[in-house]
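In: Quick one: sequence plus predicted model below, questions after.
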Amino acid sequence: MNAELARNLPLFRSLAQNLAAYLFDRSAYLRSLKAYMTYQVEYRSGKWMGGTAFLVLGIFFLIGASFSLMFSLYHLLKDYTGNTTLSAFIVSWVCIFLGFIFLMFSKRSYTGLASGMTYREWKNREDHRRS
């Protein structure tokens, strides 16, 4: 029981500090809470928009690569010359590479979206903005 109480002690301390701040200076507490919530909305919507943009770009390049690969296979079977086929094949692999890079950036943007942020992290925003 003591181990569980010790594990939850920072949570209880934070709740007590918030309650005390609210009871003694409501206007400052509410201003601070409003600023915190505004920052959270801006931060999470920015992460969501960035992740969605990279996701759309990644899917665009992967669809382009699929068409390009089919185009290169068609020319490879049609005339056995390497000029048109080789160029389409190279373009398709470049599209695949760019598509996966954009998907990786999208995943990175979405990863930080659902993570919580404590009030202390919010006060030290410089550390949080780097991620």
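Out: Received the coordinates, thanks. Numbers count the residues shown, from 1 in each chain.

In: Helix or strand for the residue nearest to Ser68 when sequence neighbours are not counted, just tell me which one.
Out: Once flanking residues are discounted, Ser68 sits nearest to Ser92: 3.4 Å by CB to CB, 6 or more residues apart in numbering. C-beta: built from backbone N, CA, C; applies to glycine. Assigned by DSSP states H and E, Ser92 belongs to helix 82-111.

In: tell me which residues of that helix are tucked away?
Out: 85, 88-89, 91-92, 95-96, 98-99, 102-103, 105-106, 109-110 (16 or more other CB atoms under 10 Å).

In: The residue nearest to Ser68 and Phe61 touch, don't they?
Out: No. Ser92 is beyond contact range of Phe61, at 9.9 Å (criterion: CB atoms under 8 Å).

In: Run through this structure and note the low-pLDDT ranges.
Out: Residues of the chain meeting the criterion pLDDT under 70: 1, 73, 76-87, 111-123, 125-131.

In: let's see 50
Out: In the predicted model of the chain, residues 131 satisfy pLDDT under 50.

In: Point to the residue nearest the middle of it.
Out: Most central in the chain under CA atoms, centre = their mean is Ser109, positioned 1.4 Å from the mean C-alpha point.

In: Any figure for the gap between that residue and Trp48?
Out: 8 Å (CB to CB, to the nearest Å).

In: ok now do Ile101, which residues does it touch?
Out: By CB atoms under 8 Å, 6 or more residues apart in numbering, the residues touching Ile101 are Gly58.

In: before we move on, back to that, what strand or helix carries the residue nearest to the residue nearest to the centre of the chain when sequence neighbours are not counted?
Out: Excluding its sequence neighbours, the residue lying closest to Ser109 (CB to CB, 6+ apart) is Gly51, at 3.4 Å. Per DSSP H and E, Gly51 falls inside helix 26-79.

In: could you check the angle helix 82-111 makes with that helix?
Out: Relative orientation of helix 26-79 and helix 82-111, computed by axes from the mean of the first three to the mean of the last three CA atoms, to 10 degrees: 160 degrees.
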